[in-house]
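Q: show me the folded form of this:
(one chain, ligands or ions: 1)
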Amino acid sequence: MGMFDGKQGVVFGIANKYSIAWAITKRLLDEGARIVAGVLSEREGRKLEALLEPGRQLSARCCDLTSDAQIAEFFAAAGAELGGTLHFLVHSVAFARGEDLQGDFVNTSRDGYLLAQNISAYTLLGVARAAAPLMTAGGSIITLTYIGGERVVPNYNVMGVAKAALEANVRYLAWNLGPRNIRVNAISAGPVKTLSARGVKGFDTMHKQISERAPLGRSASPEELASTAAFLLSDASSAITGEVLHVDGGYHIMGV
Ligand code: 1JT
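A: This next block holds a predicted model:
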């Protein structure tokens, strides 16, 4: 008996096997969920399906989240595939230009700023709007954020501002969708060595410093993030909404 037997949902943000969204997806599948993953390209979809043992309840479909038309098309197809009902949605999507994740924040261009906001913050609204009508028996939506959205983390720069907007989106969506029994929460993850994080200058040094300062002496593993995701997506968290839950080895409580 799995915790997610008979539950079905959608996941955005699996880029490769190191993605946080992938760890979450594996856990939900293990627990019996049926999942449609939104991916950026056919190639990624095939790679994803190849990562799975046969018989797992996952399919992949292309969806460019910067296009409202593609979001609508994706949810029409996913809804049909899942028999018209969604129970959960995972949003684990962010992007900013490399040049905007280092150096002088004051020099962030309008373009780079809007790009980070569009993909990292607005897309939560876009997918929530399309998913809500399918969540006829209530639902749970989660997104992934980072402490750089609350406090200054040098070089996180434009992503910090986008995560601040994302966290505000979580609160306003929780208020707006609460009457339909749809919950909206964020997991604020400690640093994880995903491929996009590895591409960031100075990430390894920062990862080491943060791990040393955290009460538990380490950040969170993808599997630990997946456990929290399963909790927030399940009825075990039925009265929690609008929350930003830190899963970071306790790092966020420290003053120095
Ligand atoms: C993106 C990237 C979003 C890296 C991210 C992210 N959220 C957390 N990280 C890791 C990180 C990155 C920086 C950092 C601390 C942690 C890269 C691709 C775009 C989206 O600065 C100290 C820059």
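
Q: what pLDDT does the residue most central in space within the chain get?
A: For the chain, the residue sitting closest to the mean C-alpha position, by Cα atoms, centre = their mean, is residue 92 at 2.1 Å. The predicted local distance difference test score for residue 92 is 98.

Q: likewise residue 54?
A: The predicted structure lists residue 54 with a pLDDT of 67.

Q: go on, the one 3 residues further on?
A: Taken from the predicted model, the pLDDT recorded for residue 57 is 93.

Q: now do it against residue 38, distance only.
A: In this structure, residue 57 lies at 16 Å from residue 38, with Cβ to Cβ, to the nearest Å as the measure. To be clear about C-beta, it is placed using only N, CA and C from the backbone, and glycine gets the same treatment.

Q: higher neighbour count, those two?
A: Each of residue 57 and residue 38 has its neighbours counted (other Cβ atoms under 10 Å); residue 38 has more, 27 against 14.

Q: find the nearest non-adjacent residue to residue 52, please.
A: Distances taken as Cβ to Cβ, 6 or more residues apart in numbering put residue 58 closest to residue 52, at 5.9 Å, once the chain neighbours are dropped.

Q: same deal with residue 131?
A: Counting by Cβ to Cβ, 6+ apart, residue 131 lies nearest to residue 89, which is 4.8 Å off, once chain neighbours are set aside.

Q: now do the contacts for residue 214.
A: Neighbouring residues of residue 214 by Cβ atoms under 8 Å, 6 or more residues apart in numbering: 190, 248, 249, 250, 251, 254.

Q: also residue 229?
A: By Cβ under 8 Å, 6+ apart, residue 229 lies in contact with 24, 27, 28, 90, 142, 187.

Q: quick check: it vs residue 8, distance?
A: Distance, residue 229 to residue 8, by Cβ to Cβ: 15 Å.

Q: what of residue 238?
A: For residue 238, the distance to residue 8 (Cβ to Cβ) stands at 18 Å.

Q: cool, residue 165 as well?
A: When residue 165 is compared with residue 8 (using Cβ to Cβ), they lie 29 Å apart.

Q: near the ligand, which residues of the stretch 1-150 of the chain show up?
A: Of all the residues in the stretch 1-150 of the chain, those in contact range of the ligand (Cβ under 6 Å from any ligand atom) are 94, 95, 96, 101, 146.

Q: assign the second one to helix, strand or coil.
A: Which is residue 95. Assigned with DSSP: H, G, I helix; E, B strand; the rest coil, residue 95 falls in the coil class.

Q: got the contact list for the closest residue to it other than its chain neighbours?
A: Distance criterion Cβ to Cβ, 6+ apart; nearest residue to residue 95, sequence neighbours excluded, is residue 119 at 4.2 Å. With Cβ under 8 Å, 6+ apart as the criterion, the residues that contact residue 119 are 65, 66, 93, 94, 95.

Q: buried subset of those residues?
A: 65, 93, 94 (16 or more other Cβ atoms under 10 Å).

Q: show me which residues of the stretch 151-256 of the chain sit near the ligand.
A: For the stretch 151-256 of the chain, the residues in contact with the ligand (Cβ under 6 Å from any ligand atom) are 153, 155, 156, 159, 191, 196, 197, 200, 203, 206.

Q: list the contacts for the last one?
A: Spelled out, it's residue 206. 153, 191.

Q: one more time with 7 Å
A: residue 191 (Cβ atoms under 7 Å, 6 or more residues apart in numbering).

Q: tell me which element it falls in.
A: Residue 206 is part of helix 203-213 when elements are defined by DSSP states H and E.

Q: ok so, going back, how much space separates the residue nearest to the centre of the chain from residue 210?
A: When distance is defined by Cβ to Cβ, residue 92 is 20 Å away from residue 210.

Q: got it, and residue 65?
A: 29 Å.

Q: list of residues touching stretch 1-14?
A: Under Cβ under 7 Å, 6+ apart, the answer for stretch 1-14 is 19, 21-22, 24-25, 28, 30-39, 48, 65, 78, 82, 85-93, 127, 131, 230, 234.

Q: generate a PyMOL selection restricted to the buried subset of the residues you listed.
A: Typed into PyMOL, the line below selects the buried ones among the contacts of stretch 1-14, using 16+ other Cβ under 10 Å:
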select buried, resi 19+21+22+24+25+28+31+33+34+35+36+37+38+39+48+65+78+82+86+87+88+89+90+91+92+93+127+131+230+234
